[in-house]
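In: show me the folded form of this:
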Amino acid sequence: MESLELAPLLLTTTSSTNPALFRHTSRVVRLSGFHSFLRRTSGNGSFCLRSSISGANGGSQDQHSAFEDEARERKRKGALVLTKETDASGALIGFHMIPASGTITKEDVTTDEVEQSEGIKVEESEDTEGEEKAQTRVSYNIIFVTSEAAPYSKTGGLADVCGSLPIALAGRGHRVMVVSPRYLRGTSQDSIYSGTVDLNLHSKIYCFGGVHEVGFFHEYREGVDWVFVDHPSFHRPGNPYGDSYGAFGDNQFRFTLLCHAACEAPLVLPLGGFTYGDKCLFLVNDWHASLVPVLLAAKYRPHDVYKDARSILVIHNIAHQGVEPAITYSNLGLPPEWRGALEWVFPTWARTHALDTGEAVNFLKGAIVTADRILTGYSYEITTSEGGYGLHELLSSRRSVLNGITNGIDVSEWDPSSDEHIACHYSADDLAGKVQCKISLQKELGLPIRPDCPLIGFIGRLDYQKGIDLIQLAVPELLEDDVQFVMLGSGDPIYEDWMRATESAYRDKFRGWVGFNVPVSHIINAGCDILLMPSTFEPCGLNQLYAMRYGTIPVVHETGGLRDTVQNFNPFAEGGNGDGTGWTFSPLTKESMLEALRYAILTYREHKSSWEGLMKRGMTRDFTWVNAATQYEQVFEWTFINPPYVS
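Out: As a prediction, this is how the structure comes out:
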């Protein structure tokens, strides 16, 4: 079987080609997302497969050469390549997408398989000496839409998920694009985009009473197409959502542009020589991307575009829903009759004054209504009045398409045996370097160097959801004990000022690092003994996974993903050898949290063998994305069982 370059190409069948085989070929190409490039001629059975590479001048030879270079680079890096399939006589019978290093034969993919799967079959492994033939799976064109993706932009766990899961899925044979804003802050951090290329393609977006033009930058890295939407509204100091003065006032406009651009990207961007096409699976993350399912249903499907596409809403933080005044609906570029999908009315008690009608638009609600499936790390909590933040009844009504999946982490980045950011490497087999990392952290922060003093850490946003108010209440009592405490995070200015004041009051015991710094988060995870996470709710939580990976013991509130991933320590299990990976506490009170911390501190001081067992059990747990990616693939399959959402 011969591999074909993904640059402009011409394939011609002979006049003797079997019409039935041609119909099969046409179907395979259509299922692969190539239907926009296939042109049948009349009479002689020939056809052309052309890429849609064009610029202002219709596409130059230099452009063609550039895409040929990219195609070769994709093949070198193990990307999927287009291959043609022939029968025993050498006649062309179809096309397939396979890994560049893989092989496929006519026996591997049959007409029946294509008909049954409604997708492309990818061979997982070759037969070996009588072993049962490997299962095949469907591959999808997946579009992640997110406000942040590590390492390009990050404020929390959302960026980690959208920076790692796409790579894991691409490695499993899917074609994956991530669409995120191109944030330029005017600092050295902008160099993170130095590897991107301006595609010189622009889309006009009709919203907010005018026409707004966005551009696209692209980088192909680790098997994923990273696409960055470029617009002046994304060029400003601060984080993706605000600065030291608070949230940006035009966030609704900025993320409306992102959603419109994300819907256009699969149709217009010739990545690797061809577009993704309109049979895509959109994974939209949190409220910033929640307009995408509404746009698919209201703007595209009425014109027979994206009629075979599906969308999955992934909720990372239900507390933030993209709620704005009702009058702003007219700015979103949606038909008037779709107002009900986003319409939101606050209960009387939540209104600001007697004349307030409580009417608003709610981006997240619109996605909950129109998405084909919903994923989260805490599927039970968000269907309760305590955890649903006003959306619990709506989510309960969609319980049949709601699933919970515990995320993984990038174990190559978060690996104490090779981490470039930490002072000394160590592993579950050799823990000696852990104490050196602790000493280095104490020295760096100007704390007294005391290897035997329990060092507690906190990493996260400084807001109510992360339990900062509880830490505020507990710190005076906690620091009466012989412990040290370090915090890393940014957010509410009130909490930032409190951290600074507490550091001044407890110079030998407390340090607060205002801001977020990825290398510092690695250093804290490696140097601390205990990680505190008193979150009011936590969709999945990643910091507790990072901590366990580094032999740092988590003490967490028993909620959502924290409850699912941290097993409470039992010193009497396993014949007295102990079991568990940390401590969980409930209810969410200062007293309950302090009690759990004191148990952890006591174990650290007086039961060294038990503490070492806790460290090793956490470090040897399977935190990879393999299990999570497998669960995502199951949900993908379910998503395509039923027709897409229509009004």
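In: straight-line length of stretch 526-545, end to end?
Out: End-to-end distance of stretch 526-545 (Cα to Cα, to the nearest Å): 12 Å.
In: what's the average pLDDT for it?
Out: Across stretch 526-545, the average pLDDT comes to 90.
In: also stretch 148-157?
Out: Here the average pLDDT along stretch 148-157 is 90.
In: now do the buried residues in that stretch.
Out: 148-150, 152-157 (16 or more other Cβ atoms under 10 Å). In this view, the C-beta of every residue, glycine as well, is placed from N, C-alpha and C.
In: and the end-to-end length of it?
Out: One end of stretch 148-157 to the other measures 10 Å (Cα to Cα).
In: cool, stretch 552-561 as well?
Out: Across stretch 552-561, the terminal residues are separated by 18 Å (Cα to Cα).
In: chain center to that stretch: distance?
Out: Centre-to-centre, stretch 552-561 and its host chain are 21 Å apart (Cα atoms, centre = their mean, to the nearest Å).
In: and for stretch 526-541?
Out: On the basis of Cα atoms, centre = their mean, stretch 526-541 sits 19 Å off its chain's mean C-alpha point.
In: what distance do you get for the closest residue to Ala298 other than its chain neighbours to Leu295?
Out: Closest residue to Ala298 apart from its sequence neighbours, by Cβ to Cβ, 6 or more residues apart in numbering: Trp338 at 4.5 Å. Distance, Trp338 to Leu295, using Cβ to Cβ, to the nearest Å: 10 Å.
In: comparing these two, which residue is more hemmed in?
Out: Legend: neighbour count by other Cβ atoms under 10 Å for Trp338 and Leu295, higher for Leu295 (25 against 20).
In: contacts only, for that one.
Out: With contacts defined as Cβ atoms under 8 Å, 6 or more residues apart in numbering, the neighbours of Leu295 are 259-260, 263, 333-334.
In: looking at those, which are in helices?
Out: Judged by DSSP state H, the contacts of Leu295 include 259-260, 263 as members of helices.
In: how about low-confidence regions in the stretch 101-250 of the chain?
Out: The stretch 101-250 of the chain contains residues with pLDDT under 70 at 101-137.
In: quick one: the helices in it?
Out: Secondary structure of the stretch 101-250 of the chain (DSSP state H, counting those that start in this stretch): helices located at 111-117, 157-171.
In: one more: the stretch 251-400 of the chain?
Out: 251-268, 291-295, 339-342, 363-370, 392-397.
In: residues in contact with Gly512?
Out: Counting by Cβ under 8 Å, 6+ apart, Gly512 has contacts 486-487, 499-500, 502-503.
In: low-confidence ranges in this protein?
Out: Applying pLDDT under 70 to the chain flags the ranges 1-137, 575-577, 647.
In: follow-up on the earlier one: how about the contacts of Gly512, which pair is most distant?
Out: The span of the contacts of Gly512, defined through Cβ to Cβ, is set by Val486 and Arg500 at 13.7 Å.
In: okay, the two: which has more neighbours?
Out: Using other Cβ under 10 Å as the criterion, Val486 and Arg500 rank with Val486 on top: 25 against 11.
In: thinking again about what came up before, which of the helices of the stretch 251-400 of the chain is buried the deepest?
Out: Ranked by mean neighbour count, these are led by helix 291-295 with a mean of 28 (mean count of other Cβ atoms under 10 Å).
In: C-alpha coordinates for that helix, PDB please?
Out: Only the C-alpha atoms of helix 291-295 are listed here, as PDB (Å, rounded to 0.1, in the frame of the first residue of the first chain):
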ATOM      1  CA  LEU A 291     -21.700  29.100  22.600                       C
ATOM      2  CA  VAL A 292     -20.300  26.500  20.200                       C
ATOM      3  CA  PRO A 293     -23.200  23.900  20.500                       C
ATOM      4  CA  VAL A 294     -25.700  26.600  20.200                       C
ATOM      5  CA  LEU A 295     -24.100  27.900  17.000                       C
END
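In: residue contacts, Ser396?
Out: Counting by Cβ under 8 Å, 6+ apart, Ser396 touches Thr383.
In: sorry, back to before: dump the ones in helices among the contacts of Leu295 into a markdown table; add distance to Glu606 as well.
Out: Shown next, in a markdown table, are those (distance: Cβ to Cβ, whole Å):
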| residue | distance to Glu606 |
| --- | --- |
| Cys259 | 55 |
| His260 | 60 |
| Cys263 | 59 |
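In: so which of those comes closest to Leu473?
Out: Closest to Leu473, out of all of the ones in helices among the contacts of Leu295 and judged by Cβ to Cβ, is Cys259, at 39.8 Å.
In: residues contacting the closest one?
Out: Taking Cβ under 8 Å, 6+ apart, we find Cys259 in contact with 145, 289-292, 295.
In: gap between it and Asn517?
Out: Computed as Cβ to Cβ, the Cys259 to Asn517 distance reads 30 Å.
In: before we move on, what about His320?
Out: 23 Å.
In: so if I had to pick from those two, which one is more boxed in?
Out: Legend: neighbour count by other Cβ under 10 Å for His320 and Asn517, higher for His320 (17 against 13).
In: quick check, Tyr183 in contact with Pro240.
Out: Yes - contact status for Tyr183 versus Pro240: in contact at 5.9 Å, counting by Cβ atoms under 8 Å.
In: which neighbours do the two share?
Out: Shared contacts of Tyr183 and Pro240, defined by Cβ under 8 Å, 6+ apart, comprise Ser153.
In: before we move on, the earlier item: need the contacts of Gly512 in JSON lines with secondary structure and distance to Met177, can you?
Out: Below are the contacts of Gly512 laid out as JSON lines (DSSP: H, G, I helix; E, B strand; the rest coil; distance: Cβ to Cβ, whole Å):
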{"residue": "Val486", "secondary structure": "strand", "distance to Met177": "38"}
{"residue": "Met487", "secondary structure": "strand", "distance to Met177": "37"}
{"residue": "Met499", "secondary structure": "helix", "distance to Met177": "39"}
{"residue": "Arg500", "secondary structure": "helix", "distance to Met177": "42"}
{"residue": "Thr502", "secondary structure": "helix", "distance to Met177": "44"}
{"residue": "Glu503", "secondary structure": "helix", "distance to Met177": "44"}
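In: could the buried residues of stretch 148-157 go into JSON lines alongside distance to Arg221?
Out: Shown next, in JSON lines, are the buried residues of stretch 148-157 (distance: Cβ to Cβ, whole Å):
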{"residue": "Glu148", "distance to Arg221": "16"}
{"residue": "Ala149", "distance to Arg221": "11"}
{"residue": "Ala150", "distance to Arg221": "12"}
{"residue": "Tyr152", "distance to Arg221": "10"}
{"residue": "Ser153", "distance to Arg221": "15"}
{"residue": "Lys154", "distance to Arg221": "16"}
{"residue": "Thr155", "distance to Arg221": "21"}
{"residue": "Gly156", "distance to Arg221": "22"}
{"residue": "Gly157", "distance to Arg221": "21"}
